[in-house]
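Student: have a look at this prediction, sequence included:
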Amino acid sequence: MGPPPPQNGGSIYPLAALFLPLGTLPHAHAQDAKNHAYNPIPLFVPCALLLAVLVAGCDSTDEIGIATFTGTVVNQANSPVAGALVTAIPSGEQATTSASGTFELSVEADSTGQTVTFQISAPNFDLAQETARAEVDGRVTLGTIELVPTNGGDGGDDPGNGGVDGGADEPSGPAASITLVGRSSEAIGVQSAGTDETATLTFVVLDAFGNPIDVEHAVDVTFSIANGPGGGEFIAPAVKQTNASGRVQTTVSSGTRAGTVQIIAMATNEEGGVLRSLPIVITITGGLPDGLHFSVVPLDLNFPGYTRFGLINPITAFVGDIYANPVQPGTAVYFTTNAGIIEGSGVTDELGRTTVQLVSAAPLTTGTPPAACPGSNSIGYAVVTASTSDLNQETIESFTPVLFSGDTQLPRDSLVAVNIDTTGLGDYRFFVADPFGHPLAPGTTTTVVADGVNVEAVGDVGVELGDYLCPGDGRTSFNFSAVQGDQVDVSGTPIPPELETLTITVRSPNGNVQLTAFAVGGGLLDIVVEEF
């Protein structure tokens, strides 16, 4: 007896037909029809092949990230070719070789091992092509890439400069457009920040057919800063004539302020028309940290971490340079604390910020209360310190207080009758704090309700706490009054008031507590406190 037929009315043959040689499947059908039996051998191999295809198509190791490629471009004399354009195909990322012929190009890769193709071009040289396998979040070197002179030439009078001053092989038409073909960097640092302060821009002037203009149609290109931070940044040269390959270069130098610089290249064609490039943006990143522009703050000055371990309170440092600009991205800041546990370091982003996590944990502290909280209990106050290095390689520090507040306390004697009459109406005061008299964490709410006959509570009867370090009115002590309501009887006469209960409810990250006071004959007969 042969194997069972396919389940659910399906057939194995259509799938197998994708893999079997011509003539195999009809033969299998004929054989089945003749023998009423299934021969598994012709279909076993195709299923194995199908499994291989499916496994190959389900690569669980795929990842997306940035792969960085480096290399050096030289001519046949092994001299560096500067200004050569390296282009990733088909994504279009570009880099221009430096004076030493080197380049660095970052490409988004779908996975490690992805093949990336590069085209390398320079005036007076044949187009070259290289391939390499990407390494996500890693660096791959293409080694040395040799360019061959066009038509067997020598690459121009000075092949080491990548043909920037070389000649063109074919005549062109007059200038019709200007476009950027390379830049040495997209970002530079402010002066004296310890990073590159210049970026070289390479433009090409094209004729109406997209060909670089030749020496017969050379034009003067004027470079200008359309917009910038105003810290003394400049361009040199400001005017330069195109070479025989229609190319022209200028250098942007940073000033003392961070920001973005827009550079525009302009020229006048033979008919007097003005040619203009699109604005080219270069980012000037900030300088080194300055003590006057260095601060550190917690997300919450007060968080309920004294008895609740494992709570997170983000701590952020803000770091600026002497011009109040964000420091260089990647500037390291170090953190320490005398209470709990804190991440040791972080690096700044483009706005000069870095954030680490403060975790409530041992040790608990009995530090000094902040100057703004004179006389406060010292238990629970902590200090977080951030430090970094300034322009003079000296350590600068910034500090912030943090309060590790404890559990909610609303004891029986926290409710005090200040001035009441025989009906229980009058003024009251109550206190809500942690065990050390500190305010509870932000978001804490306190509500007061007066129940009885024609009575109501007014004053601090619905309060939400802000982020407080110090005790005080509206933070740990509150005032309210029980007053006559506006109810009247059928004749319009006010109903005599009589207070029966006062209920104070506290909902807080530090814990929820409710106090109920029963009033009889103007006195507080009994008070009940319970957690919930």
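Tutor: Done, it's in.
Student: for the most centrally placed residue in the chain, which non-adjacent residue is spatially closest?
Tutor: Ranked by distance to the mean C-alpha position of the chain (CA atoms, centre = their mean), the top residue is Asp349 at 7.4 Å. Beyond its immediate neighbours in the sequence, the residue positioned closest to Asp349 (CB to CB, 6 or more residues apart in numbering) is Pro329, lying 6.0 Å away. In short, each C-beta sits where N, CA and C put it, glycine included.
Student: surely that neighbour touches Thr285?
Tutor: Yes - using CB atoms under 8 Å, Pro329 is in contact with Thr285, at 6.2 Å.
Student: okay, now Asn392: neighbour count?
Tutor: Counted by other CB atoms under 10 Å, the residues lying close to Asn392 total 7.
Student: pretty sure Gln487 is touching Ile495, no?
Tutor: Yes - between Gln487 and Ile495 there is a contact at 4.7 Å, judged by CB under 8 Å.
Student: overlap in contacts, the two.
Tutor: Asn454 (CB atoms under 8 Å, 6 or more residues apart in numbering).
Student: residues contacting the closest residue to Pro212 other than its chain neighbours?
Tutor: Leaving aside its chain neighbours, Pro212 sits nearest to Gly246 (3.0 Å; criterion: CB to CB, 6+ apart). Residues near Gly246 by CB under 8 Å, 6+ apart: 168, 172, 204-206, 211-214.
Student: ends of stretch 296-305, what's the gap?
Tutor: 19 Å (CA to CA, to the nearest Å).
Student: list the contacts of it.
Tutor: 311, 313-318, 335, 340, 358, 360, 384-386, 398-407, 438-442, 467-469, 508-511.
Student: residues near Thr112, how many?
Tutor: 16.
Student: what pLDDT does the closest residue to it other than its chain neighbours get?
Tutor: Leaving aside its chain neighbours, Thr112 sits nearest to Val136 (4.7 Å; criterion: CB to CB, 6+ apart). If you check Val136, the pLDDT there is 89.
Student: distance of Val136 from Thr115?
Tutor: 13 Å (CB to CB, to the nearest Å).
Student: which residues in the stretch 201-350 of the chain form strands?
Tutor: Using DSSP state E, counting those that start in this stretch, the strands found in the stretch 201-350 of the chain span residues 220-227, 234-236, 239-241, 247-253, 259-268, 274-276, 280-285, 294-298, 302-303, 312-319, 332-337, 341-342, 345-347.
Student: mind putting these into JSON lines with mean neighbour count, distance to Val432 and mean pLDDT?
Tutor: Output for the strands of the stretch 201-350 of the chain, formatted as JSON lines (neighbours: other CB atoms under 10 Å; distance: least, CB to CB, whole Å; pLDDT from 0 to 100):
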{"stretch": "strand 220-227", "mean neighbour count": "16", "distance to Val432": "55", "mean pLDDT": "95"}
{"stretch": "strand 234-236", "mean neighbour count": "14", "distance to Val432": "62", "mean pLDDT": "95"}
{"stretch": "strand 239-241", "mean neighbour count": "14", "distance to Val432": "74", "mean pLDDT": "96"}
{"stretch": "strand 247-253", "mean neighbour count": "21", "distance to Val432": "61", "mean pLDDT": "95"}
{"stretch": "strand 259-268", "mean neighbour count": "19", "distance to Val432": "49", "mean pLDDT": "94"}
{"stretch": "strand 274-276", "mean neighbour count": "13", "distance to Val432": "68", "mean pLDDT": "94"}
{"stretch": "strand 280-285", "mean neighbour count": "20", "distance to Val432": "49", "mean pLDDT": "90"}
{"stretch": "strand 294-298", "mean neighbour count": "18", "distance to Val432": "22", "mean pLDDT": "98"}
{"stretch": "strand 302-303", "mean neighbour count": "26", "distance to Val432": "14", "mean pLDDT": "97"}
{"stretch": "strand 312-319", "mean neighbour count": "20", "distance to Val432": "22", "mean pLDDT": "98"}
{"stretch": "strand 332-337", "mean neighbour count": "18", "distance to Val432": "27", "mean pLDDT": "97"}
{"stretch": "strand 341-342", "mean neighbour count": "18", "distance to Val432": "29", "mean pLDDT": "98"}
{"stretch": "strand 345-347", "mean neighbour count": "15", "distance to Val432": "36", "mean pLDDT": "97"}
